[in-house]
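S.K.: sharing a model prediction with you, sequence too.
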Amino acid sequence: MNQSFSASQASQVLQVPQVLQMSPAPLSLLSLLSPLPPNQAPESKISESSILESSVPKSAFLDSMDSGRLDSTRLDSMRLDSGALSPLPHASALSRAPHANAQTNTKTNADDNSKIDFATARELLFLAPLAGYTDLPFRSVVKRFGVDVTVSEMISSHALAFASAKTLKMAEKSPLETPYSVQIAGSKPEVIKRAIEILNQKEGIDILDFNCGCPAPKVANHGNGSGLLQNLTHLVSMLKLIRETSTTRHTSVKVRLGFDKKIPLEIAHALNDAPVDFVVVHGRTRSDGYKKERIDYDAIAAMRQILRHPVIANGEIDSARKAHEVMERTGANGVMIGRAALSAPWIFWQIRHRSDELPNLIKKELVLEHFDAMVGFYGERGVVMFRKNLHAYAKGHEGASAFRNVVNTITSPKEMRERIEAFFDDSFVAWASEPIVELNKKSV
């Protein structure tokens, strides 16, 4: 597919009026990418040429303006079709059928969205928890591309139990995130119980996930994360405690294939005794780390045959084609994607539409939206925190090295925004052919 566009084509893209910086949810062309329900195929394949040739009247946007702000409810219910903007019903991407009052009762709709029948749902799309990356601002950006379930960064149960303000902030969610999962790690029953009691006081958490897959030495070597795979009896007892203590509608667990050797069948049999709603399986052992050649989808398939719980497959899924191949090969109910989403958050849109083509968006708008969300959530500290994201976004661009050196010295939100606007042009985004972000052992 040709991913380059001429200046004349780019000029045909509708430029959305700039949103006031005070807006709680900066909007861009991403707002138009409303996903189809997973059991509904697109009526027709939408190509870049059909989008570019469509006639979208600016009045459709101007009518949605109110004192300089865009109506996000209206924009989030629209999609680009051949020739016009057409409304879509406000139905959850996880719902098998729209609710009768979905368009008239926002609160009821949000509640309904959190009611997921994981046993019957298919082709579910999850954003994986990645330490240092999948915070609220990034999850908000990704959510617009049609991911079904977003998961917080891994949160230490010990830090939660002692009520760290910084840790509690990690559990906050965006209004867009329903259903929303919080992932915790730990191994001490009394600490886990106290941490969950604190989380029970927070509204909006639909799923509580237990991390049994983190390979980081400082986590696993203390019996947490993937270290729990060495004691399956204790692992299951923790899951029972979590279900007994948590008030969330759902609980889940994320595992690897083993600690220093593969034991997928033993893990599957043990988890059948655990009261969880679904199991996420990363197709490598702790000792495999993130070695690409070590991924084992057949082991996930073997676990799926044994498990009485729905399974979500995870690991080395970097394209729409690969996602569907993995679901077919493993029999999984869905896939969880991490690294690929960091370099191409639109991968969920591609999977949902069964297409390798790119959605219609401009990279500068994506970067600015993410930056504004970071500053809005973290304050001025978000400028420094966003540097690593800019390193990723700039990779492959001419002058990227010099740009990285410059942004590494900036602390002012105004100056950083100006640098972003100057560096990224108004061309279409191109999907990097290689991972932009390399995970280290601190990432889950």
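M.R.: Received it, and whenever you're ready, just let me know what you need.

S.K.: I196 against F210, yeah?
M.R.: No. Counting by CB atoms under 8 Å, I196 stays clear of F210, with 10.1 Å between them. All C-beta atoms are positioned from the backbone trio N, CA, C, and that covers glycine.

S.K.: list residues touching both of those two?
M.R.: Residues touching both I196 and F210 (CB atoms under 8 Å, 6 or more residues apart in numbering): I184, I242.

S.K.: got any ranges where the stretch 1-150 of the chain has weak pLDDT?
M.R.: Residue ranges of the stretch 1-150 of the chain with pLDDT under 70: 1-115.

S.K.: mind running it again at 50?
M.R.: 1-111 (pLDDT under 50).

S.K.: for the stretch 251-400 of the chain, which segments count as strands?
M.R.: 278-282, 311-314, 334-337 (DSSP state E, counting those that start in this stretch).

S.K.: residues contacting the first one, please?
M.R.: Right, the one you point to is strand 278-282. Against strand 278-282 from outside (CB under 8 Å, 6+ apart): 118, 126, 209, 213, 250, 252-257, 264, 271, 300, 303, 307, 309-315, 332-333, 336.

S.K.: same question for the last one.
M.R.: The contact list for strand 334-337 (CB under 8 Å, 6+ apart) reads 121-128, 148, 254, 280, 312-314, 317, 323, 326-327, 347-348, 351.

S.K.: give me the buried entries from these.
M.R.: By neighbour count, with 16 or more other CB atoms under 10 Å, these hold 121, 123-128, 148, 254, 280, 312-314, 317, 323, 326-327, 347-348, 351 as buried.

S.K.: mind checking which helix or strand the closest residue in space to T245 that isn't next to it in sequence is in?
M.R.: Spatial nearest neighbour of T245, excluding adjacent residues (CB to CB, 6 or more residues apart in numbering): I196 at 4.4 Å. For I196, the host element (DSSP states H and E) is helix 189-199.

S.K.: now that helix: buried residues?
M.R.: Neighbour counts over helix 189-199 (16+ other CB under 10 Å) mark V191, I192, K193, R194, A195, I196, I198, L199 as buried.

S.K.: packing partners of it?
M.R.: The contact analysis (3 or more CB pairs under 8 Å, 6 or more residues apart in numbering; DSSP states H and E) places helix 189-199 against helix 157-161, strand 180-185, helix 232-245.

S.K.: specify the angle between it and helix 232-245 in degrees.
M.R.: Angle, helix 189-199 to helix 232-245, by axes from the mean of the first three to the mean of the last three CA atoms, to 10 degrees: 30 degrees.

S.K.: elements contacting whichever helix or strand comes after helix 189-199?
M.R.: Sequence-wise, the next helix or strand downstream of helix 189-199 (DSSP H and E) is strand 207-212. Counting contacts by 3+ CB pairs under 8 Å, 6+ apart, strand 207-212 is packed against strand 149-151, strand 180-185, helix 232-245, strand 250-255.

S.K.: now do the SS call for G132.
M.R.: Three-state call for G132 (DSSP: H, G, I helix; E, B strand; the rest coil): coil.

S.K.: that one contacts E153, doesn't it?
M.R.: Yes. Because the distance of 7.2 Å satisfies CB under 8 Å, G132 is recorded as touching E153.

S.K.: quick one, which of the two is more surrounded?
M.R.: Ranked by neighbour count (other CB atoms under 10 Å), G132 and E153 place E153 first, with 20 against 14.

S.K.: and that one, what is it in contact with?
M.R.: P129, L130, A131, G132, Y133, T134, D135, M170, Q183, V444.

S.K.: test my guess that the second one contacts R339.
M.R.: Yes. The pair formed by L130 and R339 meets the contact definition of CB under 8 Å, at 7.4 Å.

S.K.: which one of the helices and strands packed on helix 189-199 lies nearest to V219?
M.R.: strand 180-185 (6.4 Å; CB to CB).

S.K.: export the closest one as PDB, just CAs?
M.R.: Output of strand 180-185 as PDB, limited to C-alpha atoms (Å, rounded to 0.1, in the frame of the first residue of the first chain):
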ATOM      1  CA  TYR A 180     -11.600   0.100  32.600                       C
ATOM      2  CA  SER A 181      -9.200  -2.300  34.300                       C
ATOM      3  CA  VAL A 182      -6.700  -1.700  37.100                       C
ATOM      4  CA  GLN A 183      -3.800  -4.100  37.400                       C
ATOM      5  CA  ILE A 184      -2.200  -4.700  40.800                       C
ATOM      6  CA  ALA A 185       0.900  -6.700  41.800                       C
END
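
S.K.: show me what it is packed up against.
M.R.: Using 3+ CB pairs under 8 Å, 6+ apart: strand 180-185 touches strand 149-151, strand 155-156, helix 157-161, helix 189-199, strand 207-212, strand 250-255.

S.K.: switch to 7 Å and redo it
M.R.: The contact analysis (3 or more CB pairs under 7 Å, 6 or more residues apart in numbering; DSSP states H and E) places strand 180-185 against strand 149-151, strand 155-156, helix 157-161, strand 207-212.

S.K.: will you turn the ones you listed into a markdown table that also has distance to K291?
M.R.: Output for the helices and strands packed on strand 180-185, formatted as a markdown table (distance: least, CB to CB, whole Å):
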| stretch | distance to K291 |
| --- | --- |
| strand 149-151 | 23 |
| strand 155-156 | 26 |
| helix 157-161 | 29 |
| strand 207-212 | 20 |
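
S.K.: what's around E398, how many residues?
M.R.: Using other CB under 10 Å, E398 is surrounded by 9 other residues.

S.K.: from D425, how far off is it?
M.R.: 10 Å (CB to CB, to the nearest Å).

S.K.: pretty sure K173 is in contact with Y180, am I right?
M.R.: Yes. Between K173 and Y180 there is a contact under CB atoms under 7 Å: 4.6 Å.

S.K.: what do those two both touch?
M.R.: G204 (CB atoms under 7 Å, 6 or more residues apart in numbering).
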